[in-house]
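Visitor: This is a predicted model, with the sequence first.
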Amino acid sequence: MAAIEWGSDAVAELLSRLGLRYVALVPGSSYRGLHDSLVNYGGNRDPRMLVCLHEEHAIAIAHGYAKVTGRPMAAAVHSNVGLMHATMAIYNAYCDRVPMLIIGATGPVDAAQRRPWIDWIHTSTDQGALIRAYSKWDDQPASVEAALESLALAYSITRAAPSAPTYVCLDVSLQEQPLAAPPEIPDVRRDASPRSHGPDQKAVSTTLEYLGEARRPLFLLGRLGRDEEAWNRRVALAERYGALVISDLKNGAVFPTRHPLHPNPPGIFLPPASADLIRSADLILSLDWIDLAGTIATAAHAGQPVPARIVSCTTDSALRNGWSKDSFGREPVDLSVPADPDLLVRALLESDTPVKPGEWPAQAASPAPSGSSSGPDIFMSDLAGALRDALAGASASLIRIPLGWDGADLEASHPLDYLGQDGGAGIGSGPGMAVGAALGLEGSGRLPVAVLGDGDFLMGGTAIWTAAHYRLPLLIVVANNSFYYNDVVHQERIAQQRQRPTRNAWIGQAISDPDPDLPALARSLGWQAADSVRERLALPAMLAEAVAAARSGQCVLVDVRVRPDGYAALGG
């Protein structure tokens, strides 16, 4: 082990002791000291640097990694300019409630040490203010000792529920400070604090009482963990009480989609059949459901409120600050339980209270996956079916799906079968998150698969170079309709409301003339990619070949030209 001689050496040593395996970054002079220490002090391992082509990709990779593992990854962003690049991805991670340690840097805070021009425009007062409204905690320490304490604290804070990114900004002068003697490194390994807290006994007793009185209990399963035991407990609790279950495509898989107690396919927006269940329930147990207030309001019919008792279990209120409205409206609840939802499930199962199962009328089976269309054109249902067939018998994780994907085409029987959306609902996060998820899935035996829209891929597509560079097997399928189709739907609605021609809704939405050559772009970044698939009958063979190549360790992209009018109404 090299000697700790510089401030940044001490920082690199602490990062290693925190157990951080990777730090995703775009090189920058504001943390040139730390860069040197990661290489020449730490040997570029634990953490190992992952070179990215954009700071937004670095954050998205850490985001995708956290969605798989539940653990924070480090990302480094260069001064104010790198942080400004990264802001959208940080907002995504904040809305998605994932842990992440972001290491920032700034030019010398001491103006007397700044180089002409460049150090002045790359130095900001209170740099953390750029993201304070959508991060959990930030700091800008003024000494090496303070930086070590700050990073250790930031790591602890980001892991505690509710998780969200933390940010520590390191002065370049602090990093490049020579040390007369090694500083004391915080003993981070002694921290055995719980990362989440369960409900108090009163909350458990009251919830049990409500469940015991309910005849038509309904569970809304939202942001929940990837732990397989927690998954099994959710199934066991629903089966014990005969509760029906609603899940959501915004979140990862939380319950078997083909289970008899999960009668309706999940959606980005609340499906009408699920709204019917909400109106019919006499007890609703919400486990960190996204936008409970909006969901209940949507389900209310003709001004009549939803009659059910409502129990909401979430720790989310700890992050609410007023700037971002991702806290949504006031929840119309009878009981609020500020605890880890999976720990509430465990506590409810541990009770030996006699149970009388619910009395829901028999429910229709969840709709089967959509079938294939006829004719040469490829619709989204054709893509879903062909991909399902190509992956048959293979262990795969569906990292992302585009907005037009029908929930009936999602089959999940394990928490890693589907990872959900990006949280902030912007565009451009998909490629980076796919790379991060592939990194998190290394060694799992699962094939990482992401289905992305063409707009999402084009906006963030250079992120895939990192996967090729580090030899991460990954299959990306682009559902390419050559439009920003979600906004086409919006323009059609506005035109209808204003009694104007809907035929003009396509203007200003097309991604064509010239038509981007996505396979060529992928090949230029080190990926394997055949020519675009344009005919339905050619799709199965192309996807089967792509799956085989990805399973052999390749990075593979398939560009599938889908018909825009094959999309279901998006509801957004």
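Guide: That came through, no problem.
Visitor: Tell me, please, where in the stretch 1-150 of the chain the pLDDT is lower than the cut-off.
Guide: 1 (pLDDT under 70).
Visitor: Kindly recompute the last result at 90.
Guide: Applying pLDDT under 90 to the stretch 1-150 of the chain picks out residues 1-2.
Visitor: Could you list the low-confidence segments of the stretch 451-572 of the chain?
Guide: In the stretch 451-572 of the chain, residues with pLDDT under 90: 483-490, 503, 505-506, 564-572.
Visitor: would you list every one of the helices in it?
Guide: Assigned by DSSP state H, counting those that start in this stretch, the stretch 451-572 of the chain shows helices spanning 454-460, 464-469, 485-497, 518-524, 539-551.
Visitor: could you dump those helices to a markdown table with mean neighbour count?
Guide: Heads up, the C-betas are built off the backbone N, CA and C, glycines and all. Formatted as a markdown table, those follow (neighbours: other C-beta atoms under 10 Å):
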| stretch | mean neighbour count |
| --- | --- |
| helix 454-460 | 24 |
| helix 464-469 | 23 |
| helix 485-497 | 16 |
| helix 518-524 | 18 |
| helix 539-551 | 19 |
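Visitor: Adding distance to residue 403 as columns, could you present those in TSV?
Guide: Listed next are the helices of the stretch 451-572 of the chain as TSV, based on distance: least, C-beta to C-beta, whole Å:
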stretch	distance to residue 403
helix 454-460	10
helix 464-469	21
helix 485-497	6
helix 518-524	18
helix 539-551	20
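Visitor: Which among those is found nearest to residue 305?
Guide: Closest to residue 305 of these, according to C-beta to C-beta: helix 485-497, at 27.4 Å.
Visitor: In CSV, list the C-alpha atoms belonging to that closest one.
Guide: Taking Å, rounded to 0.1, in the frame of the first residue of the first chain, the C-alpha atoms of helix 485-497 are listed here in CSV:
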residue,chain,number,x,y,z
TYR,A,485,-44.7,10.2,-29.9
ASN,A,486,-45.8,11.0,-26.3
ASP,A,487,-46.0,14.6,-27.4
VAL,A,488,-47.9,13.7,-30.6
VAL,A,489,-50.6,12.3,-28.3
HIS,A,490,-50.6,15.6,-26.3
GLN,A,491,-50.9,17.7,-29.5
GLU,A,492,-53.8,15.6,-30.8
ARG,A,493,-55.6,16.2,-27.5
ILE,A,494,-55.0,19.9,-27.5
ALA,A,495,-56.1,20.2,-31.2
GLN,A,496,-59.3,18.3,-30.4
GLN,A,497,-60.1,20.5,-27.4
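Visitor: What distance do you get for the closest residue to residue 560 other than its chain neighbours to residue 562?
Guide: Spatially, and ignoring its direct neighbours in sequence, residue 560 is nearest to residue 533 (4.9 Å; C-beta to C-beta, 6 or more residues apart in numbering). Per C-beta to C-beta, to the nearest Å, residue 533 is found 10 Å from residue 562.
Visitor: list the residues that contact both of these two?
Guide: residue 378 (C-beta atoms under 8 Å, 6 or more residues apart in numbering).
Visitor: quick one: the host helix or strand of residue 86 to chain centroid distance?
Guide: Using DSSP states H and E, the element containing residue 86 is helix 79-96. Centroid separation for helix 79-96 versus its chain: 14 Å, with C-alpha atoms, centre = their mean, to the nearest Å.
Visitor: For it, buried residues please.
Guide: 79-80, 82-83, 85-96 (16 or more other C-beta atoms under 10 Å).
Visitor: May I have the phi/psi pair for residue 340?
Guide: Residue 340 adopts backbone torsions of phi -70, psi 120, taken as degrees, to the nearest 10.
Visitor: count of neighbours near it?
Guide: 25 (other C-beta atoms under 10 Å).
Visitor: Give me the nearest residue to it, chain neighbours excluded.
Guide: For residue 340, the spatially nearest residue (C-beta to C-beta, 6+ apart) is residue 196, at 3.7 Å.
Visitor: show me what contacts the one you found?
Guide: Listed by C-beta under 8 Å, 6+ apart, the contact set of residue 196 reads 160, 161, 315, 339, 340, 343.
Visitor: Where helices are concerned, which of those count?
Guide: Judged by DSSP state H, the contacts of residue 196 include residue 343 as members of helices.
Visitor: Against residue 548, how distant is the residue nearest to residue 560?
Guide: From residue 533 to residue 548 the distance is 16 Å (C-beta to C-beta).
Visitor: cool, and residue 195?
Guide: 39 Å.
Visitor: Equivalent analysis for residue 51, please.
Guide: Residue 51 sits 29 Å away from residue 548, taking C-beta to C-beta as the criterion.
Visitor: Then residue 420?
Guide: 27 Å.
Visitor: Could you do residue 229 as well?
Guide: Distance, residue 229 to residue 548, using C-beta to C-beta: 33 Å.
Visitor: pretty sure residue 11 contacts residue 149?
Guide: No: using C-beta atoms under 8 Å as the test, residue 11 is too far from residue 149 to be in contact (11.5 Å).
Visitor: Those two: which is more packed in?
Guide: Taking other C-beta under 10 Å, residue 11 and residue 149 do not tie; residue 11 has more neighbours (28 against 16).
Visitor: Now for that one: which residues touch it?
Guide: Here residue 11 is in contact with 34, 37, 144, 147, 148, 151, 170, 175 (criterion: C-beta under 8 Å, 6+ apart).
Visitor: right, and the fifth one touches residue 10 too?
Guide: Yes: counting by C-beta under 8 Å, residue 10 is a contact partner of residue 148 at 6.1 Å.
Visitor: Tell me which of the two has more neighbours.
Guide: Each of residue 148 and residue 10 has its neighbours counted (other C-beta under 10 Å); residue 10 has more, 26 against 23.
Visitor: Quick check: that one is in a helix.
Guide: Yes: judged by DSSP: H, G, I helix; E, B strand; the rest coil, residue 10 forms part of a helix.
Visitor: Would you enumerate the residues in contact with it?
Guide: 4, 144, 147, 148, 179, 182, 183, 185.
Visitor: Apply 7 Å and report the result again.
Guide: 4, 144, 148, 182, 183, 185 (C-beta atoms under 7 Å, 6 or more residues apart in numbering).
Visitor: can you give me the end-to-end distance of stretch 551-563?
Guide: End-to-end span of stretch 551-563 (C-alpha to C-alpha, to the nearest Å): 28 Å.
Visitor: same question, stretch 157-171
Guide: End-to-end for stretch 157-171, by C-alpha to C-alpha: 21 Å.
Visitor: Contacts for it, please.
Guide: So stretch 157-171 is contacted by 11, 31, 34, 72, 90, 93-94, 97-106, 108-109, 127-128, 131, 135-140, 147, 150-151, 154, 195-196, 315-316, 318-319, 340 (C-beta under 7 Å, 6+ apart).
Visitor: quick revisit: going on from the helix holding residue 86, what's the next piece of helix or strand?
Guide: Helix 79-96 is succeeded, C-terminally, by strand 100-106 (DSSP H and E).
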